[in-house]
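K.L.:
make a model of this:
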Amino acid sequence: MSVPEPMHYSEMSVESRSAEETRALAGRLGELLCVGDFIALIGPLGAGKTCFAQGLGEALGVRGPVTSPTFVLMRLHRGQRPLCHADAYRVQDAAELLDAGIEDWLEDTVVALEWADTVPEALPPERIEVILEHTEWGRRVRLRGMGARAAAIIQRMRDHDDSGH
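P.N.:
Residues are numbered from 1 along each chain as shown. So this is what the prediction gives:
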């Protein structure tokens, strides 16, 4: 995955000590998202990808629980701002996701794709990457805004953190 020009790229890193902290961080991001935003969730098994998607869903005002879509490929969660929660863990290649219509869902939903790093050809250039890593104390969550709008969202989150709010 290539990194866009610096003016269209922003990154921040947060340490999370619990699932609740991970969901809260996702909620802060979710408050800034609009239909058409793409979230690429990246990390090993058990790193918190679905947990992060749950926090997004709560902030987006979706109805019902957000659960892993591993065995169904995609779940649509309706609500104030709908969420298409997809999972590339079991797909053979990007074409499978594209054939399922993941690009079309961007017209009507926020899309969150777990295991996004396994299908780079399916990722739009404008996206927010959420990289979750296990640490000794919990997990490290790196947020990368790639493209003008995504970078601005991450910059707003960084500014909010820097101001102590």
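
K.L.:
look at Leu29 and say how many residues are nearby.
P.N.:
By other C-beta atoms under 10 Å, the residues close to Leu29 number 22. Every C-beta, even on glycine, is put in place using the N, C-alpha and C of the backbone.

K.L.:
now it: phi and psi?
P.N.:
Taking degrees, to the nearest 10, you get phi -70, psi -50 for the backbone angles of Leu29.

K.L.:
list the contacts for it?
P.N.:
The contact partners of Leu29, by C-beta atoms under 8 Å, 6 or more residues apart in numbering, come to Ile39, Gly55, Leu56, Ala59, Ile128, Val130, Leu143, Ile153, Met157.

K.L.:
in a markdown table: those residues, plus distance to Glu136, pLDDT and neighbour count.
P.N.:
Listed next are those as a markdown table, based on distance: C-beta to C-beta, whole Å; pLDDT from 0 to 100; neighbours: other C-beta atoms under 10 Å:
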| residue | distance to Glu136 | pLDDT | neighbour count |
| --- | --- | --- | --- |
| Ile39 | 26 | 98 | 25 |
| Gly55 | 23 | 96 | 23 |
| Leu56 | 26 | 97 | 28 |
| Ala59 | 28 | 96 | 22 |
| Ile128 | 26 | 98 | 25 |
| Val130 | 20 | 98 | 27 |
| Leu143 | 21 | 98 | 23 |
| Ile153 | 29 | 97 | 21 |
| Met157 | 24 | 95 | 21 |
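
K.L.:
among those residues, give me the pair with the biggest separation.
P.N.:
Gly55 and Ile153 (15.0 Å; C-beta to C-beta).

K.L.:
and the gap between the spatially most central residue of the chain and Gln54?
P.N.:
With distances taken as C-alpha atoms, centre = their mean, Ile39 lies nearest the centre of the chain, 3.0 Å away. As defined by C-beta to C-beta, to the nearest Å, Ile39 lies at a distance of 13 Å from Gln54.
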